[in-house]
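Undergrad: Model the following, please.
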Amino acid sequence: MGPYAVIEGDTTIGAGNRIFQFASVGAEPQDLKYRGEPSRLEIGNYNRIREFTTIHRGTAGGGMVTRIGNHVLLMNYTHIAHDCQIGDHAIIANSTEIAGHCVIEEWVVTAGMCGVHQFSRIGAHAFIAAGSKISQDVPPYAMVAGDRARLVGVNTTGLERRGFDPDTIAAIKSAFRTLFYGKLLRDEAIKQIMEEHGHRAEVRRLLDFILKSERGVVGRDRE
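TA: Presented below is the predicted three-dimensional model:
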């Protein structure tokens, strides 16, 4: 733990973490509805929390807990608001601000100066380009950019680095073409994808994410 870093509140920190100078970990949430409830922050193992990062505890309206997984890198000036859930191996780059109640799944990478709207979800292995503003859910494996963020393709490089085999990547790309670039309605597209690639867990995960989205999904703007 570096000098002038602060850890407060009901905060649990696992093994092998490094918290750099001037970080603020476990402060009460910036939510006007918060009335001192005994909320908490849970941090897993082997994370790096860099300078001036802020991570806030949960609220009664969000399950009372903020969670950081394992092997997460939070770069300088990042903000993780109340009730967020950050998955394993996520990399949140400098000055990215994540509002309350967001879910960031495993292996997500955000470039610098991104903004994520409250209650948004970012699916596993997605890549968020620098300066992006996220106001809808980002599907797994996607690459998005812009203000407001638009789908620009599949995060192929990230999938290759994490050992996805070529056939699986090809199936994901095929599913993206049907879902996001074709003319089928959502349910028709999902039915076709299940017929073609439903035997692949990675594709089923993509479809399950789409079906559970409450904010709408980047890339399906017409719906």
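
Undergrad: burial count for V6?
TA: 13 (other CB atoms under 10 Å). All C-beta atoms are positioned from the backbone trio N, CA, C, and that covers glycine.

Undergrad: so what's the residue nearest to it when sequence neighbours are not counted bridging to?
TA: Among residues not flanking V6 along the chain, S24 sits closest, at 5.2 Å (CB to CB, 6 or more residues apart in numbering). Counting by DSSP bridges, S24 forms beta bridges with V6, T54.

Undergrad: so S24 touches I49, yeah?
TA: No. At 9.7 Å, S24 does not count as touching I49 under the criterion of CB atoms under 8 Å.

Undergrad: Show me which of the two is the more surrounded one.
TA: Between S24 and I49, counted using other CB under 10 Å, I49 has the larger neighbour count: 26 against 18.

Undergrad: For that one, which residues count as its bridge partners?
TA: With DSSP bridges as the rule, I49 is bridged to I19, L74.

Undergrad: tell me the contacts of the residue nearest to V6?
TA: Residues counted as contacts of S24 (CB atoms under 8 Å, 6 or more residues apart in numbering) are A5, V6, F52, T53, T54, I55.

Undergrad: From those, pick the one nearest I92.
TA: The shortest approach to I92 among the contacts of S24 belongs to T53, at 8.7 Å (CB to CB).

Undergrad: can you count the residues close to the closest one?
TA: Residues lying near T53 (other CB under 10 Å) number 23.

Undergrad: Next: P166.
TA: So P166, with other CB under 10 Å, has 9 neighbours.

Undergrad: start the count at 329, not 1, going forward
TA: Will do, 329 is the new start, and the previous item becomes P494.
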